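Trainee: Predicted structure and sequence below. I'll ask about it afterward.
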Number of protein chains: 2
Amino acid sequence: MADDRESLLGELTRVAVPGWAIRVVQLNSVVAARLGVTDTDVQCLHVLDLYGPATPGALAKRVNLTTGAATRMIDRLVAAGCVRRVPDPGDRRRVLVEPTKEGVERASAAYAGLVARTREDLADFSDDELRTLLRFMTAAERSTAAEVQELQ
Amino acid sequence: MADDRESLLGELTRVAVPGWAIRVVQLNSVVAARLGVTDTDVQCLHVLDLYGPATPGALAKRVNLTTGAATRMIDRLVAAGCVRRVPDPGDRRRVLVEPTKEGVERASAAYAGLVARTREDLADFSDDELRTLLRFMTAAERSTAAEVQELQ
DNA sequence: ACAAATTACTGCGTGATGCAGCGAACTGAG
DNA sequence: CTCAGTTCGCTGCATCACGCAGTAATTTGT
């Protein structure tokens, strides 16, 4: 029965939520504590990592904050040495927020352990299986993003 | 080059963090807003879902809160109709927190959309591929948990 | 040239959290 | 049985993140 497709599907979705969801949030928290910033700030760093430098307004949208809250978030990240404010040459109202070299290093250091563990896990999989995993992860990322979009 | 194993590994870890991690946190937030509770409260609901009823002290440990903060968290969840306080018959100091039927229903309703999308995504995979995915997800969940344990 | 929109930033109130301390209940040594 | 020590959940107080509303600077459109 454990090999029945339906129970496979159920198990799989259950490992993802709540199983993995809990861990991701927990990991975000401990990484945030390690960097000396809040959980929201780590989310912001991830956004910067994924999409590159952005204005405070754009960051506010992506992490679901008001522009006022984004200003303080950036203040904290600047104080922690993780990001830097750069004036936009094309529009003097705007400010571009970009991660500092030190910020990138400290963030990747915080995730080094997990990356190492994941590499070990992935060593047990063939190239074809890796492609299968990537195919699913990409689809899941897109689906989750779409669901977020729809719900809010 | 995109089929090179090393770049496959890099892409895979990158889709997971920061890619998917961002989405999971965002989804937690919108679900929390929908249920009328905070992000932390949703994390608590996930813990209850995964491990079953627990005392406030145990919940505090799992969501990284003090017992004082846990008390208020449970107050909020009770007020929102998501959980219930049940006296422990064996130890009159203790209180067991368990999800209410209504809480479980509302939570699963909030995730119904994502579950449906994920089912659609998974329809493209064979049974063998599903087993591969489950094998990886399980390993990844365990690795992330271990990493959290070590970091904090 | 000038009004309207956009952008980032600043007081103020609200609320979640940590810290410290409380009473109640359990445990174990004598 | 007694009673000191421990554990458990809960309550003031201070701190800090956030939303809301308003401001100054800049850009855009007419």
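Mentor: Great, that's in hand.

Trainee: C-alpha only now, for contacts and for neighbours.
Mentor: Fine.

Trainee: and the helix or strand A:Ala58 falls within, does that touch chain B?
Mentor: Here A:Ala58, judged by DSSP states H and E, is contained in helix A:56-62. No: counting by C-alpha under 8 Å from any C-alpha of the partner chain, chain B has no neighbours in helix A:56-62; the shortest distance is 8.9 Å.

Trainee: what about the helix or strand following that helix, near DNA strand D?
Mentor: Next in sequence after helix A:56-62, counting helices and strands by DSSP H and E, comes helix A:67-79. Yes: shown here: helix A:67-79 in contact with DNA strand D (C-alpha under 7 Å from any atom of the strand) through A:Thr67, A:Gly68, A:Ala69, A:Ala70, A:Arg72, A:Met73, A:Arg76.

Trainee: Rounded mean pLDDT for the longest helix along chain A, please.
Mentor: Once chain A is assigned using DSSP state H, the helix that runs over the most residues is helix A:127-151. When pLDDT is averaged over helix A:127-151, the result is 96.

Trainee: Within range of DNA strand D, give me the residues from chain A.
Mentor: Residues of chain A that fall close to DNA strand D, judged by C-alpha under 7 Å from any atom of the strand: A:37-38, A:40-41, A:64-70, A:72-73, A:76, A:90-93.

Trainee: Those also near DNA strand C: which ones?
Mentor: A:Thr67, A:Gly68, A:Ala69, A:Ala70, A:Arg72, A:Arg93.

Trainee: Who wins on neighbours among those?
Mentor: A:Ala70 (23 neighbours; other C-alpha atoms under 10 Å in any protein chain shown).

Trainee: Contacts only, for it.
Mentor: By C-alpha atoms under 8 Å, 6 or more residues apart in numbering or on different chains, the contact set of A:Ala70 is A:Pro56, A:Gly57, A:Leu59, A:Ala60.

Trainee: thinking A:Leu48 is in contact with A:Leu96, fair?
Mentor: No: A:Leu48 lies out of contact with A:Leu96 (C-alpha atoms under 8 Å); the separation is 10.7 Å.

Trainee: what do these two both touch?
Mentor: Joint contacts of A:Leu48 and A:Leu96 (C-alpha under 8 Å, 6+ apart) are A:Ala54.

Trainee: The spatially most central residue of chain A: helix or strand, and which one exactly?
Mentor: For chain A, A:His46 is the residue whose C-alpha lies nearest the centre (C-alpha atoms, centre = their mean; 4.1 Å). Under the criterion of DSSP H and E, A:His46 resides in helix A:39-51.

Trainee: Following the worst-scoring helix or strand of chain A on mean pLDDT in sequence, what is the next regular element?
Mentor: Ranking every helix and strand in chain A by mean pLDDT, DSSP states H and E puts helix A:5-14 at the bottom, with a mean of 93. From helix A:5-14 onward toward the C-terminus, using DSSP H and E, the following helix or strand is helix A:21-35.

Trainee: quick one: is that next one near DNA strand C?
Mentor: No: judged by C-alpha under 7 Å from any atom of the strand, helix A:21-35 stays clear of DNA strand C, getting no closer than 10.2 Å.

Trainee: Next, the angle from that helix to helix A:39-51.
Mentor: 100 degrees (axes from the mean of the first three to the mean of the last three C-alpha atoms, to 10 degrees).

Trainee: Quick check: buried residues in helix A:21-35?
Mentor: A:21-32, A:35 (16 or more other C-alpha atoms under 10 Å in any protein chain shown).

Trainee: before we move on, what about stretch A:99-111?
Mentor: Buried-residue list, stretch A:99-111, by 16+ other C-alpha under 10 Å: A:Pro99, A:Gly103, A:Arg106, A:Ala107, A:Ala110, A:Tyr111.

Trainee: That one near DNA strand C anywhere?
Mentor: No: shown here: stretch A:99-111 not in contact with DNA strand C (C-alpha under 7 Å from any atom of the strand), separated by at least 14.9 Å.

Trainee: about what we covered before: just the buried ones from the contacts of A:Ala70, in ChimeraX syntax?
Mentor: Buried residues among those (16+ other C-alpha under 10 Å), as a ChimeraX selection:
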select /A:56,57,59,60
